[in-house]
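Peer 1: Got a sequence here, can you build the structure:
(2 chains)
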Amino acid sequence: MKAEARSLAVCLCLYRALARAFPYEFKNAYGEELLQVTEEAVALVWQRYGLLGLARLLLDIAIRIPMEHFSELRRDVRYGLRTLAHSRGFAAVALVSLALGFCIAACAYSELHGLILRDLPDVAKADELVTTQMPISYPAYRWYRDRSDLFSSTAVYVAPVPFEVSLGGYTERTWGHLVTPSYFSMLGVQPALGRFFEDEWQQRRESPEIVLSYRFWRDRLGSDPFIIGKTLRVTAMRASSSVLGRRIF
Amino acid sequence: MSKSKPPDDYLPLKPNWLHVLLSLSGGEQHGYGIMQEVLERTEGKVRLWPATLYGAIKRLMDEGLIEESEERPTPELDDARRRYYRLTRLGRRVLAAESQRLEDLVRVIQAKRGIPARKKEL
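Peer 2: Got it, this is the predicted structure:
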């Protein structure tokens, strides 16, 4: 008898807790009545079906809750569509606003993904890369560079930098980076052709070395397979192309 | 509420809807009464569990097949917390159409199997 009373009490307690999860409209219209009917029926259910009956009672409400939510959602959507259909001007403005909002959000997320969230492609240990939040001076960079207890490798770059590149008799503006020799070794990337900068090697050269991007090599230099060692005139100075960056996208 | 839908548009009725409409065909009933009536009428074969019952009642109210009744039993038999439901005119027409559909279906099945129609019990 005690077990029966306890079972019924637990069942009703669970049932009331679950009934609170119904959508507001359903609760408002039928919530009290539903609980009242259940309280009246629970003893008979116990007598007839025992524990299985109580489980079935709880299962019944557990299944019904998402169905009622879905039903309310469907009604809301239908109501919304009907309202929009009746005021087409408002619907058009709403749709354009939504489209613009989605577009801006998608662009912002895409930029965020490309700049911050995504690991740099082809870079070794991309998850260990850190950068300063603000631009820093060269002396400050040297201080970081010398702190080998903080960083295994450091590099500094200025970007984007406009370059005037002379190609086949005409000059074209293109954008690039000015980087320290350790830039590529710090990233741990491998060139498609040639080799990247080396500290001493770079210092003793008279003309600076440049690294060409894969896209620049393909679009502006016609995928020249003998590009390594050739001289390009870049912003009123001559530079020899020492390496060719890999296609990384 | 869909007022202009013809009865045939509701057919075939969901079994739960049919049982609720059948229970109310004899007069107004409250939720617990409907549940008990279905259980007795089907000799325990069909039990409308409370949440399922009120889900069906809500849909039937939304569709305009049943409505809340303002008539109540005498005060000594009444429970103020209870709500009573009854069939609307559309609900009666839908129930009649569904009954006709089921009768036709039974006739077809009997004709196919060569089963003679059962005589109605008096």
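
Peer 1: Which residue is the nearest non-sequential neighbour of the residue nearest the centre of chain B?
Peer 2: Residue closest to the mean C-alpha point of chain B, counted by Cα atoms, centre = their mean, is B:Leu21 at 1.4 Å. Take B:Leu21 and drop its neighbours on the chain: the residue closest to it by Cβ to Cβ, 6 or more residues apart in numbering or on different chains is B:Leu95, 4.6 Å away. C-beta: built from backbone N, CA, C; applies to glycine.

Peer 1: related to what we said a few turns ago, quick one: secondary structure of the residue nearest to the centre of chain B?
Peer 2: Three-state call for B:Leu21 (DSSP: H, G, I helix; E, B strand; the rest coil): helix.

Peer 1: In this model B:Ile57 seems to touch it, though I could be wrong.
Peer 2: No - with contact defined as Cβ atoms under 8 Å, B:Leu21 does not count as touching B:Ile57 (10.8 Å).

Peer 1: where along the chain do the strands fall?
Peer 2: If you meant another chain, say so; for now it's chain A. All strands of chain A, identified by DSSP state E, fall at A:157-167, A:170-179, A:193-194, A:209-212, A:231-234, A:237-244.

Peer 1: ah, no, chain B please
Peer 2: Secondary structure of chain B (DSSP E): strands at B:29-30, B:66-69, B:84-87.

Peer 1: Now do the second one: which elements does it pack against?
Peer 2: Counting contacts by 3 or more Cβ pairs under 8 Å, 6 or more residues apart in numbering or on different chains; DSSP states H and E, the secondary-structure elements packed against strand B:66-69 are helix B:15-24, helix B:50-63, strand B:84-87.

Peer 1: let's see 7 Å
Peer 2: On a contact count with 3 or more Cβ pairs under 7 Å, 6 or more residues apart in numbering or on different chains; DSSP states H and E, strand B:66-69 meets strand B:84-87.

Peer 1: residues near residue 113, how many?
Peer 2: Because you didn't say which chain, this covers chain A. Neighbours of A:His113 under the rule other Cβ atoms under 10 Å in any protein chain shown: 10.

Peer 1: I was thinking of chain B, sorry if that wasn't clear
Peer 2: Neighbourhood size, B:Arg113 [other Cβ under 10 Å]: 8.

Peer 1: From B:Arg107, how far out is it?
Peer 2: 11 Å (Cβ to Cβ, to the nearest Å).

Peer 1: Share the number of residues neighbouring residue 6, please.
Peer 2: This is for chain A. A count of neighbours around A:Arg6, defined by other Cβ under 10 Å, yields 10.

Peer 1: sorry, should have said chain B
Peer 2: B:Pro6 has 11 neighbouring residues, counting by other Cβ under 10 Å.

Peer 1: One more: A:Cys11?
Peer 2: Applying other Cβ under 10 Å, I find that A:Cys11 has 20 neighbouring residues.

Peer 1: how far away is the residue nearest to it when sequence neighbours are not counted from A:Asp119?
Peer 2: Of all residues not flanking A:Cys11 in the chain, A:Leu54 sits nearest, at 4.4 Å (Cβ to Cβ, 6+ apart). Distance, A:Leu54 to A:Asp119, by Cβ to Cβ: 53 Å.

Peer 1: Next to chain A, which bits of chain B? Give me the list.
Peer 2: B:Gly31, B:Tyr32, B:Met35, B:Trp49, B:Pro50, B:Ala51, B:Thr52, B:Tyr54, B:Gly55, B:Lys58, B:Arg81, B:Arg83 (Cβ under 7 Å from any Cβ of the partner chain).

Peer 1: Test my guess that the third one contacts B:Ala51.
Peer 2: Yep, that's B:Met35 we're talking about. No - applying Cβ atoms under 7 Å, one finds B:Met35 not in contact with B:Ala51, separated by 11.3 Å.

Peer 1: So these two - more neighbours on which side?
Peer 2: Neighbours were counted for B:Met35 and for B:Ala51 using other Cβ under 10 Å; B:Ala51 has more, 28 against 25.

Peer 1: my read: that one touches A:Ala62, true?
Peer 2: No - B:Ala51 is beyond contact range of A:Ala62, at 8.5 Å (criterion: Cβ under 7 Å).

Peer 1: anything in contact with each of those two?
Peer 2: With contacts taken as Cβ atoms under 7 Å, 6 or more residues apart in numbering or on different chains, not a single residue reaches both B:Ala51 and A:Ala62.

Peer 1: Who's the closest spatial neighbour of A:Ala124, skipping the chain neighbours?
Peer 2: A:Gly188 (2.9 Å).
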